[in-house]
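1. Here's my sequence, what's the structure:
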Amino acid sequence: MALTKAELVRNLHNCTGFSKEKSVKVVESTFELMKKELEGGKDVLISGFGKWSVKAKNPRRGRNPQTGKELTLDARRVVTFRCSRKLKDSVDS
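-> Got it, this is the predicted structure:
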């Protein structure tokens, strides 16, 4: 089962006593801030959890799997995530 925004809101509401509306605003504003930073090319680091970074990908050769025709895939930017050592160790144990 995946952790959803609704589950984050529910847990925040239960743990802090915030109203549902305030919990929704906190979760939504957190994700909006993260998206804004990543769109600007900045990293997002949450200590003890991990780091999201924007990486540039060069153009590369590819092919259409239906036709087999070769084509060039454009350069693009992708978001990568690298988990912290602390998270990696807790998942591994």
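2. can you tell me how far Lys35 sits from Lys5?
-> Lys35 is 13 Å from Lys5, where distance means Cβ to Cβ, to the nearest Å. Placement of C-beta: from N, CA and C, glycine included.
3. what's the answer for Gly41, then?
-> Counting by Cβ to Cβ, the gap from Gly41 to Lys5 is 25 Å.
4. same check, this time on Thr30
-> Counting by Cβ to Cβ, the gap from Thr30 to Lys5 is 10 Å.
5. you'd agree Leu71 is in a strand?
-> Yes. The assignment for Leu71 (DSSP: H, G, I helix; E, B strand; the rest coil) places it in a strand.
6. so it sits right up against Arg63, yeah?
-> Yes. Assessed by Cβ atoms under 8 Å, Leu71 is found in contact with Arg63 at 6.6 Å.
7. quick one: the strands in the chain?
-> With DSSP state E as the criterion, the chain has strands at 44-46, 50-57, 60-63, 70-73, 76-83.
8. Which one, of these, ends up nearest to Thr16?
-> Of all the strands of the chain, strand 44-46 sits nearest to Thr16, with 18.0 Å by Cβ to Cβ.
9. re the thing from before, redo the strands of the chain as a markdown table? Include mean pLDDT, mean neighbour count and distance to Ser90.
-> As requested, these are exported to a markdown table (pLDDT from 0 to 100; neighbours: other Cβ atoms under 10 Å; distance: least, Cβ to Cβ, whole Å):
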| stretch | mean pLDDT | mean neighbour count | distance to Ser90 |
| --- | --- | --- | --- |
| strand 44-46 | 97 | 14 | 14 |
| strand 50-57 | 97 | 14 | 12 |
| strand 60-63 | 95 | 10 | 36 |
| strand 70-73 | 95 | 10 | 37 |
| strand 76-83 | 97 | 11 | 10 |
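10. In JSON lines: these, plus distance to Asn11.
-> Putting these into JSON lines (distance: least, Cβ to Cβ, whole Å) gives the following:
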{"stretch": "strand 44-46", "distance to Asn11": "16"}
{"stretch": "strand 50-57", "distance to Asn11": "19"}
{"stretch": "strand 60-63", "distance to Asn11": "41"}
{"stretch": "strand 70-73", "distance to Asn11": "39"}
{"stretch": "strand 76-83", "distance to Asn11": "20"}
